[in-house]
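Visitor: Based on what follows, work out the 3D shape:
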Amino acid sequence: METIAIQVDAEVAKAYREAEPQKQQKIQTIVNDWLRLIIQEKSLDEIIKEMQDQAKASGLTQEILDEILQNG
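Guide: Presented below is the predicted three-dimensional model:
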């Protein structure tokens, strides 16, 4: 893996920095997969569908995702 810098708003940055390492890793995985799909120039609907399939296969439920998004 390599590190890149992406600008986000202050609230997102704060929530990420304060998140537990396990949550940070989950977020990194989600963002990495999302960026990989975006680079492939697929439609947004295709990207969302693939991300949902990958998340389900990895055990990431909607409830877990909602918690990550709400609590950082």
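Visitor: need the helices for the protein, in chain order.
Guide: Counting by DSSP state H, the chain has helices at residues 10-18, 21-39, 44-57, 62-71.
Visitor: Just tell me which of the ones you listed ends up closest to residue 2.
Guide: The minimum distance between residue 2 and the helices of the chain falls on helix 21-39, with 10.4 Å, by CB to CB. Quick note: C-beta positions are derived from backbone N, CA and C, even for glycine.
Visitor: Packing partners of the closest one?
Guide: When contacts are defined as 3 or more CB pairs under 8 Å, 6 or more residues apart in numbering; DSSP states H and E, helix 21-39 sits against helix 44-57, helix 62-71.
Visitor: Return the distance of the residue nearest the centre of the chain relative to residue 65.
Guide: In the chain, the centroid-proximal residue (CA atoms, centre = their mean) is residue 30; its distance is 2.8 Å. Per CB to CB, to the nearest Å, residue 30 is found 8 Å from residue 65.
Visitor: Need the residues touching each of the two.
Guide: residue 55 (CB atoms under 8 Å, 6 or more residues apart in numbering).
Visitor: Can you pull out the residues in contact with the worst-scoring helix or strand of the chain on mean pLDDT?
Guide: Across the helices and strands of the chain, mean confidence by mean pLDDT, DSSP states H and E is lowest for helix 62-71: a mean of 78. For helix 62-71, contacts defined as CB under 8 Å, 6+ apart pick out 15, 19, 23, 26, 27, 55.
Visitor: Identify the farthest-apart pair in those residues.
Guide: 15 and 55 (19.3 Å).
Visitor: low-confidence ranges in this structure?
Guide: 72 (pLDDT under 70).
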